[in-house]
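Visitor: Sequence and computational prediction follow.
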Amino acid sequence: MLGTAVLILLGTGVVANQVLKNTLGNSTGFLFVNVGWAFAVFTGASIADPSGAHLNPAVTLGLAIADKTPWGNVPVYVLGQMVGAIIGAMLCWATYKLQFDTHDEPQNTLGIFSTGPTVPNKPWNLVSEVIGTFVLVAWILLSPGAKVGADGAVPTFGNSALGYAAVAFVVLVIGTSLGGPTGYAINPARDLGPRIAYAFLMPIRNKGNANWGYSWVPVVGPLVGGALAALLYLVLPV
């Protein structure tokens, strides 16, 4: 819950800094947003390390299918992720409360908190989310870890030497390479939690609707992508 709250606070915070008019980061661009989200993942995962750094239901599902997380833990993780995502979104709104009050397009502020397609087409938008999440979860499952050197040889540390910075780099490249069509939710809690907060909790004057008709895409797509990556892991000789 704490890790996901920080992930969403910093991730939606970088979007708010970019979108809202009366900020120091206004109009800094998509790369600025991608870098912010990447290191929001790093920060949130680091905070959540004692409980396994589960910030994403799609990753949790993939790890469970791959027999790396007990199925009995999945509901607890998902509950923590959803509650944390709502808290993080509300903290972002509180941070930028004055900027939301003075923003001249309050009806267009949903995108600060939740994703949406640049070209609406739900089947293809779903494909985009499946592919992006597949890359993320496949990397988590297949990335080389530390190995003890044989017969006194130097150990191989793999990506584990980078710690959670490694996954930040993966999120960064997913955003810059695959994030253009849908905003790369690649995490159901990251999208649905803030969408709920925006719709029911945030007192933003003249805000737009929560686009519930699209809301299933960034939930189902990442779950499918995570599951497919786990199934690939199970059939590969690793």
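Guide: Done, it's in. Small disclaimer: the values here were computed from a predicted structure and weren't measured.
Visitor: Would you map the helices across this structure?
Guide: Secondary structure of the chain (DSSP state H): helices at 2-19, 30-47, 57-65, 74-95, 97-102, 110-113, 122-142, 165-178, 188-200, 217-235.
Visitor: what angle do the longest one and helix 57-65 make?
Guide: With axes from the mean of the first three to the mean of the last three CA atoms, to 10 degrees applied, the angle from helix 74-95 to helix 57-65 works out at 160 degrees.
Visitor: right, so of the helices of the chain, which gets closest to P155?
Guide: Taking CB to CB, helix 165-178 is the member of the helices of the chain nearest to P155, at 17.0 Å. Where you see a C-beta, it was placed from the backbone N, CA and C, and this is true even at glycine.
Visitor: If you count contacts, what does that closest one end up packed against?
Guide: The contact analysis (3 or more CB pairs under 8 Å, 6 or more residues apart in numbering; DSSP states H and E) places helix 165-178 against helix 30-47, helix 122-142.
Visitor: With mean neighbour count, distance to G111 and mean pLDDT added, can I get these in TSV?
Guide: Shown next, in TSV, are the helices and strands packed on helix 165-178 (neighbours: other CB atoms under 10 Å; distance: least, CB to CB, whole Å; pLDDT from 0 to 100):
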stretch	mean neighbour count	distance to G111	mean pLDDT
helix 30-47	20	10	98
helix 122-142	21	14	98
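Visitor: In CSV: those, plus distance to G183.
Guide: Shown next, in CSV, are the helices and strands packed on helix 165-178 (distance: least, CB to CB, whole Å):
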stretch, distance to G183
helix 30-47, 9
helix 122-142, 9
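Visitor: one step back: I'd like the helices of the chain written out as a markdown table, with distance to F157 added.
Guide: Shown next, in a markdown table, are the helices of the chain (distance: least, CB to CB, whole Å):
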| stretch | distance to F157 |
| --- | --- |
| helix 2-19 | 24 |
| helix 30-47 | 18 |
| helix 57-65 | 22 |
| helix 74-95 | 27 |
| helix 97-102 | 43 |
| helix 110-113 | 37 |
| helix 122-142 | 16 |
| helix 165-178 | 11 |
| helix 188-200 | 29 |
| helix 217-235 | 21 |
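Visitor: Which one of these lies nearest to G158?
Guide: G158 lies closest to helix 165-178 among these, at 9.1 Å (CB to CB).
Visitor: average pLDDT across the closest one?
Guide: On average, the pLDDT along helix 165-178 is 97.
Visitor: For that helix, list every residue counted as buried.
Guide: 166-172, 174-176, 178 (16 or more other CB atoms under 10 Å).
Visitor: what does that helix contact?
Guide: 30-31, 33-35, 37-39, 41-42, 45, 128, 131-132, 135-136, 139-140, 143, 159-160, 162, 184, 186 (CB atoms under 8 Å, 6 or more residues apart in numbering).
Visitor: Repeat that for stretch 189-198.
Guide: By CB under 8 Å, 6+ apart, the residues outside stretch 189-198 that reach it are 4, 7-8, 11-12, 55-57, 78, 81-86, 88-90, 93, 109-110, 113-115, 185, 204, 207, 210-212, 215, 218-219.
Visitor: I'd like the distance from it to the chain centre, please.
Guide: Centre-to-centre, stretch 189-198 and its host chain are 11 Å apart (CA atoms, centre = their mean, to the nearest Å).
Visitor: now do stretch 196-207
Guide: Averaging C-alpha positions (CA atoms, centre = their mean) puts stretch 196-207 21 Å from its chain's average.
Visitor: what mean pLDDT does it have?
Guide: On average, stretch 196-207 scores 98.
Visitor: what's the answer for stretch 54-64, then?
Guide: 98.
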